[in-house]
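Colleague: how does the following fold in three dimensions:
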Amino acid sequence: MCGILFQFNESHNGNGSISIDEGQITNVLYSASDHEILRQSESKVFNSLIPKILARGPNFAQLLISGQFSYFSSVLSLRSPFTAQPLTSSNYILQFNGELYNDDIEGNDTSYILHKLNESQDIPSVIQGLEGEFAYIIYDKINEKIAFGRDSTGKRSLVFNSKDGLIISSVHPNENFNRESFKDCLNGVIYQYDLKTKDIIELENDKYYKVSSEIDDDFENKDRRIENLQIQLEISINKRITSIQPYHTSTSNNLFSILFSGGLDCTVLASIAAKLSKRETIIDLLNVGFDNPRTGLKAQEAPDRILARQSWRKLSKLHPEIKFNLIEINVSYEEYVQLRPLVIELMYPKNTEMDLSIAIAFYFASRGRGIRYFINEDGEEDSESNYQSISKVLLSGLGADELYGGYHKFVNKDTEGLIVELTKQINNIHERNLQRDDKVISHNGVEVRYPFLAHDVIKYSTESIEINYKISKYILRELAVSIGLDFVSNEPKRAIQFGAKSAKMIPNGNKKGTDELK
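Modeller: Residues are numbered from 1 along each chain as shown. As a prediction, this is how the structure comes out:
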């Protein structure tokens, strides 16, 4: 995972490069160091974005200025060999943020893409052939164009401003730099900026998912649908947990964690991930709760906390060869107030009470700092205070509600209405959730991966699973039963802001989720 930042500025003409390592990154981020990298570009907005980009990639960063072009990339290295960015060839300069799962990859993702570009000389065909979670910026030297965009589902954030040149960034600038002029890139759209005409051409997303209208009245296909869905999820999860090779070698088996409410979606992910992992693998289950002064409940009393403890105990018994850590992340009201402005800035342009209550829960959960509960060598429950998760990859169950009809508003839909709604939900998930969540979670120097949003999982779920299996996540609940998760198969849908009690934190009972922040 990386942060990527690019600027084309006709009025600028300079040259130079500078690299900084982890220690220097730490100084810039946490010691307010006036590092020379913050003064290299003549563009104030470009310089202002550098700390935000650095936070996303804590292993290495590099700035390259060549004439009218400025490139800045930070790297969280999760696959060997380590490759600094931007990567250059005679025809292209490439910045890449994400993870690829193409079967023919040997080595580094960015090198793989550059090789494909040099081989085919066809940017759209290369991008559309990539499988994974990513955003990219490509300078095509021969045709004098800048190509940029996000994967077909939009799992990584990317924004741009084409007024007076071109700026492309993983994140928005702060409000002092005309951030309203930045636009979110749409999922799967390949943007091509012509350096000569200053025009932008948009190539449409080549993947649009349409939910099948087929009905299996007698549930004759039930066993086959459950089996095939499990196979698709196992393939997706396996790709996302076996491609982790951290920059720092360690004897620890703690390579990934799971955003964990204890509910259906994340518990299914946890159980399948455990099945696919080698013995003694450590899996951190990250559960967040808030001290909520409006309700009077402490973080330990949040509904998701109670459920997470139950599911953790069951998972530990079901998979005794795996070391499940339940990380209870308790957020005080004081810490909520302290970091609220940062989360509001990161999630921009989202600006509602509901967006904040979701984003701030993900921010604290992805930070991975809390009390660790584990099963010790005597088979008893034990705990460790002040625990910090070291895993840099998070698995999320996002997408299950959109694919299998999990939201409460779907319950009273007729068949045709449900088809329309599910089709809209999965194709718009980039705008509704992914852009916001990526900007907030990645600020903690970790990467979130979405097994339910793998192309093959979406394709199978939308095209092959009949619509009557997608009422209140029936198909996923039946899958849970089939793999021994009866204890969670009937758990109701509970949004994170209500399960963690991060909604309506400030004592004002009249606020609605759709209200804009003030």
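Colleague: residues contacting Thr88?
Modeller: The contact partners of Thr88, by Cβ atoms under 8 Å, 6 or more residues apart in numbering, come to Leu94. Every C-beta, even on glycine, is put in place using the N, C-alpha and C of the backbone.
Colleague: show me where pLDDT drops low in the protein?
Modeller: Residue ranges of the chain with pLDDT under 70: 1, 12-42, 77-82, 245-252, 507-510.
Colleague: now the residue lying farthest from the centre of it: which helix or strand?
Modeller: Largest separation from the mean C-alpha position in the chain: Asp218, at 37.8 Å (Cα atoms, centre = their mean). Secondary structure from DSSP states H and E places Asp218 outside every helix and strand.
Colleague: pretty sure Met354 is touching Gln497, no?
Modeller: Yes: using Cβ atoms under 8 Å, Met354 is in contact with Gln497, at 6.8 Å.
Colleague: between the two, who's got more neighbours?
Modeller: The neighbour count for Met354 versus Gln497, taken as other Cβ atoms under 10 Å, is higher for Gln497 (22 against 16).
Colleague: which ones are touching that one?
Modeller: Met354, Ser357, Ile358, Ala361, Ala503, Gly513.
Colleague: and the strands in the stretch 301-450 of the chain?
Modeller: Counting by DSSP state E, counting those that start in this stretch, the stretch 301-450 of the chain has strands at residues 323-331, 369-375, 381-388, 393-395, 447-449.
Colleague: among those, which comes closest to Leu307?
Modeller: Across the strands of the stretch 301-450 of the chain, Leu307 has its closest neighbour in strand 323-331 (11.3 Å, Cβ to Cβ).
Colleague: please save the CA atoms from the closest one in PDB.
Modeller: Output of strand 323-331 as PDB, limited to C-alpha atoms (Å, rounded to 0.1, in the frame of the first residue of the first chain):
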ATOM      1  CA  LYS A 323      -4.100 -18.000  18.200                       C
ATOM      2  CA  PHE A 324      -7.000 -15.500  18.100                       C
ATOM      3  CA  ASN A 325      -6.400 -12.300  20.000                       C
ATOM      4  CA  LEU A 326      -9.400 -10.200  20.800                       C
ATOM      5  CA  ILE A 327      -8.200  -6.600  20.900                       C
ATOM      6  CA  GLU A 328     -10.600  -4.500  22.900                       C
ATOM      7  CA  ILE A 329     -10.200  -0.900  21.800                       C
ATOM      8  CA  ASN A 330     -11.800   1.400  24.300                       C
ATOM      9  CA  VAL A 331     -12.200   5.000  23.200                       C
END
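Colleague: re the thing from before, now the common contact residues for Met354 and Gln497.
Modeller: Ala503, Gly513.
Colleague: thinking again about what came up before, can you lay out the contacts of Gln497 as CSV showing distance to Ser170?
Modeller: CSV is the format used below for these (distance: Cβ to Cβ, whole Å):
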residue, distance to Ser170
Met354, 23
Ser357, 23
Ile358, 20
Ala361, 21
Ala503, 28
Gly513, 27
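Colleague: out of those, which is nearest to Ser464?
Modeller: Of all the contacts of Gln497, Ser464 sits closest to Ile358, with 30.4 Å by Cβ to Cβ.
Colleague: count the neighbours of the closest one for me.
Modeller: Neighbours of Ile358 (other Cβ under 10 Å): 25.
Colleague: identify the residues contacting it.
Modeller: Arg436, Asp437, Ala495, Ile496, Gln497, Ser502.
Colleague: separation between the first one and Leu203?
Modeller: Using Cβ to Cβ, to the nearest Å, we find Arg436 at a distance of 25 Å from Leu203.
Colleague: how close does the residue positioned nearest the centre of the chain get to Leu87?
Modeller: With distances taken as Cα atoms, centre = their mean, Val448 lies nearest the centre of the chain, 3.8 Å away. Look at Val448 and Leu87: by Cβ to Cβ, they are 24 Å apart.
Colleague: for Glu301, state which of the contacts of Ile358 is nearest.
Modeller: Glu301 lies nearest to Ser502 out of these, by Cβ to Cβ, at 13.6 Å.
Colleague: on that earlier part again, more neighbours: which of Arg436 and Leu203?
Modeller: Arg436 (24 against 16).
Colleague: doesn't Met347 make contact with the more buried one?
Modeller: Yes: between Arg436 and Met347 there is a contact at 4.8 Å, judged by Cβ under 8 Å.
Colleague: and for these two, which residues touch both?
Modeller: Asp355, Ala359.
Colleague: helix or strand: which one has Leu64?
Modeller: Using DSSP H and E, Leu64 falls within strand 60-67.
Colleague: helices along the stretch 51-200 of the chain, start to end?
Modeller: All helices of the stretch 51-200 of the chain, identified by DSSP state H, counting those that start in this stretch, fall at 109-120, 123-128.
Colleague: for the stretch 301-450 of the chain, same thing?
Modeller: Along the stretch 301-450 of the chain, counting by DSSP H, counting those that start in this stretch, helices occupy 303-318, 333-347, 353-367, 400-404, 415-427, 429, 435-442.
Colleague: between the ones you listed, which one is nearest to Gln128?
Modeller: Closest approach to Gln128 among the helices of the stretch 301-450 of the chain is made by helix 415-427 (16.5 Å; Cβ to Cβ).
Colleague: helices or strands up against whatever helix or strand comes next after the closest one?
Modeller: Beyond helix 415-427 on the C-terminal side, the first helix or strand identified by DSSP H and E is helix 429. Contacts defined by 3 or more Cβ pairs under 8 Å, 6 or more residues apart in numbering; DSSP states H and E place helix 429 against no helix or strand at all.
Colleague: so how far is helix 429 off the chain centroid?
Modeller: Relative to its chain's centre, helix 429 lies at 12 Å (Cα atoms, centre = their mean, to the nearest Å).
Colleague: pretty sure Ala400 is touching Leu476, no?
Modeller: Yes: applying Cβ under 8 Å, one finds Ala400 in contact with Leu476, separated by 6.0 Å.
Colleague: which residues are in contact with each of those two?
Modeller: Leu264, Asp265.
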